[in-house]
Structure formats: structure tokens, C-alpha cells
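Peer 1: I would like to see how this sequence folds:
(2 chains)
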There are 2 protein chains.
Amino acid sequence: MDQPKWSPSEKSIARRIYDGALHRELDAITQEVQDRANSIKTPSDVWALEGYLTESRKRIDGKYEYKYSVLPLLFAQLLREGNIALEDLDGLGEDKLAYVRALGSFAGKGPTS
Amino acid sequence: MDQPKWSPSEKSIARRIYDGALHRELDAITQEVQDRANSIKTPSDVWALEGYLTESRKRIDGKYEYKYSVLPLLFAQLLREGNIALEDLDGLGEDKLAYVRALGSFAGKGPTS
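Peer 2: Just a heads-up that it's a prediction; the model follows:
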């Protein structure tokens, strides 16, 4: 598939979407870490928190890559997860939106956690 | 060096020392985890907490092994660290105490963190 070209204003929108989504995920991880830390009852709770952090880091590292070639796939995933809304994509050209929709419908339907 | 024999009452004392020291270390780790979790300001604070947990788990795993052949070395280390006091060893035979003292003086002097 041809890679669409991104205009300066589209790049700016993409960056805002990306940063906002990443920020929300990191906030959610921070909240979960605090909740877990403050509910530690046993040593296994401590090491389970380590496991959660390691898993979260790998998930975030694998998911967030600021490359225009993969941003549409990320946006499709964020839409499915409810991290971003369709309106957040306003201002992106139809070529990117079609790409996001196509990837979204290939990659699975319905909300996922 | 000959391995000393441990009487039932010495084994009971050793178990109490071991469990108490491990419990205190895990409590200190839990406190540090909670302090760090509740002071998270940036994503790097989150991943630094993961690093602290991984390092702590490896340190604890490497340090605590309930084998009579290595307990004197552990007790010497715990004494140096201030995790246990000499009185905690009351009831252990002179053969073990001499061993603890010898290992303590070989392994370094003065308080360590």
C-alpha cells in the first residue's frame, strides 16, 4: 500500500493525538502502580507489581513508535481501545482516515480493554 | 572448615532470626515501593521503580537461602547491616557464634547500608 504524505498540519495533529494517548496510558499505569503499591499485603504482591511494571513497559515500548508509516495502525488500535475518539482525528486527510478505518476493521471489532 | 551440627533448639532460633530479618527487609522494600509510587512525577519514575523492584528481588533471592551451611554467613552479614543484633544469636552454640564472628571479620567491617 502506498504510504500517504503527511502535511505539516497533519503532522501536528498526529503528534497531539500520539502524545495525548501515551500520556493517558502512562497516567493509567501510574494510578494502577499506586493502587497496587498501597495494597501490598504479602511479598508476592511486591513481585507481582514488578511483573505488572515489566509487562507494561514492554507493552508501551512495542505499541508506541512515532513513525508515520505505523501511526494509522496505532490510531486504529487507540480508537478500538477507546483511548481516542473519531473526532480526535479531525483534520487528517481522507487518505489517512481511510487507512485507519481499513486497519481498524481488519484488526478486530468492538471495544477491547 | 567442618560444618557444625545444629540442635533442634538452635534450628528453631535460626529460623526465627532468618524469618525476622527477611520480614524486615521485605517491609523496608514495601515502604520504599510505596514512597516511590506515591512520588511518581514522570514516566521515568515509573520505570525506575521497576528497576528498583527487579534489583531488590535479585538481591533478596541471592541473599536469603535457608541452608545451615550458609546461615552463619548470612547472620554475619545481617549483623553488619544492623538488621539483627548480637543478642538475637543468643542460644546458638559457641561453634556457630565463632563461625559468624570469623565470617563477619573476613567479610568486612563497619556498618553498611
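Peer 1: residues contacting the nearest residue to A:G93 once chain neighbours are set aside?
Peer 2: If the residues on either side of it in the chain are set aside, A:G93 comes closest to A:E10, at 6.3 Å by C-beta to C-beta, 6 or more residues apart in numbering or on different chains. Quick note: C-beta positions are derived from backbone N, CA and C, even for glycine. Going by C-beta atoms under 8 Å, 6 or more residues apart in numbering or on different chains, A:E10 touches A:G91, A:L92, A:G93, A:K96.
Peer 1: mind checking the SS state of the second one?
Peer 2: Read that as A:L92. Here A:L92 is recorded as coil under DSSP: H, G, I helix; E, B strand; the rest coil.
Peer 1: next one: phi and psi at it?
Peer 2: Phi and psi for A:L92, reported as degrees, to the nearest 10, are phi -80, psi 140.
Peer 1: separation between the residue nearest the centre of chain A and A:I40?
Peer 2: Note on chain A: the residue nearest the mean C-alpha position is A:L78, at 4.8 Å, using C-alpha atoms, centre = their mean. To A:I40, A:L78 is 31 Å away according to C-beta to C-beta, to the nearest Å.
Peer 1: So which elements touch whichever strand or helix holds A:A76?
Peer 2: Using DSSP states H and E, A:A76 falls within helix A:71-81. Under the contact criterion of 3 or more C-beta pairs under 8 Å, 6 or more residues apart in numbering or on different chains; DSSP states H and E, helix A:71-81 touches helix A:8-37, helix A:94-106.
Peer 1: now the angle from the longest one to helix A:94-106?
Peer 2: Calculated by axes from the mean of the first three to the mean of the last three C-alpha atoms, to 10 degrees, helix A:8-37 forms an angle of 40 degrees with helix A:94-106.
Peer 1: Which SSE is immediately downstream of helix A:8-37?
Peer 2: The helix or strand immediately downstream of helix A:8-37 is helix A:43-63, counting by DSSP H and E.
Peer 1: pLDDT of that next one, averaged?
Peer 2: In this model, helix A:43-63 carries a mean pLDDT of 97.
Peer 1: what does that helix rub up against?
Peer 2: Contacts of helix A:43-63 (C-beta under 8 Å, 6+ apart): A:22, A:25-26, A:29, A:32-33, A:36-37, A:39-40, A:74, A:77, B:26, B:29-30, B:33, B:46-47, B:49-50, B:53-54, B:56-57.
Peer 1: how about the CA coordinates for that helix, as CSV?
Peer 2: Output of helix A:43-63 as CSV, limited to C-alpha atoms (Å, rounded to 0.1, in the frame of the first residue of the first chain):
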residue,chain,number,x,y,z
PRO,A,43,5.8,-10.4,49.4
SER,A,44,4.1,-11.9,46.4
ASP,A,45,2.1,-8.6,45.9
VAL,A,46,5.5,-6.8,45.7
TRP,A,47,6.8,-9.1,43.0
ALA,A,48,3.5,-9.1,41.2
LEU,A,49,3.9,-5.3,41.0
GLU,A,50,7.3,-5.8,39.4
GLY,A,51,5.7,-8.2,36.8
TYR,A,52,3.0,-5.6,36.1
LEU,A,53,5.6,-2.9,35.5
THR,A,54,7.8,-5.1,33.3
GLU,A,55,4.7,-6.1,31.2
SER,A,56,3.5,-2.5,31.0
ARG,A,57,6.9,-1.2,29.8
LYS,A,58,7.2,-3.9,27.1
ARG,A,59,3.6,-3.2,26.0
ILE,A,60,4.2,0.6,25.8
ASP,A,61,7.5,0.2,24.1
GLY,A,62,6.0,-2.2,21.5
LYS,A,63,2.9,-0.1,20.9
